[in-house]
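K.L.:
Sequence first, predicted model second:
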Amino acid sequence: MKNKKLFMLLFRFTPNVEYQPTEQEQAQIKEQWGSFIGNIALKEKLVSTHQLGFEGRQVATDKSVSNGIVVLENTTLGGNMVVHANSLEEASELAKNCPILSMGGSVEVRSIIPMDN
């Protein structure tokens, strides 16, 4: 594993407050995410993953605080995952199976730069 690097997958989507999935759709989505995360874990490439809520605040450079999350170009972050991979290409291949893609979202794959102490 010493040749492997860390990459973060950032899950972006367009929020739709007017649409609420049915219980059956929610169960199906949960199953798809469970399979996606589980398959990466089985390959021993999963480091961590987090789903983000819709409650948040923004702190500006002048230290002012405003309520809400960032929505740019009608998209926002829905979560992230950190994975081990040998290259950006390998991490991108892992991202191709993400359920967010079938929901109209996207995955941004970024290298992680370690912070030295």
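P.N.:
Perfect, thanks for sending it. Numbers count the residues shown, from 1 in each chain.

K.L.:
now the strands for the chain?
P.N.:
Taking DSSP state E, the strands of the chain run over residues 5-13, 46-51, 57-59, 65-67, 76-85, 106-111.

K.L.:
between those, which gets nearest to Pro99?
P.N.:
strand 5-13 (9.0 Å; CB to CB). Where C-beta positions appear, they are placed from N, C-alpha and C, glycine not excepted.

K.L.:
name the helices or strands packed onto that closest one?
P.N.:
If contacts are counted by 3 or more CB pairs under 8 Å, 6 or more residues apart in numbering; DSSP states H and E, strand 5-13 sits against strand 76-85, helix 88-95, strand 106-111.

K.L.:
any idea which of these is most buried?
P.N.:
With neighbours defined as mean count of other CB atoms under 10 Å, the helices and strands packed on strand 5-13 peak in mean count at strand 76-85, which reaches a mean of 19.
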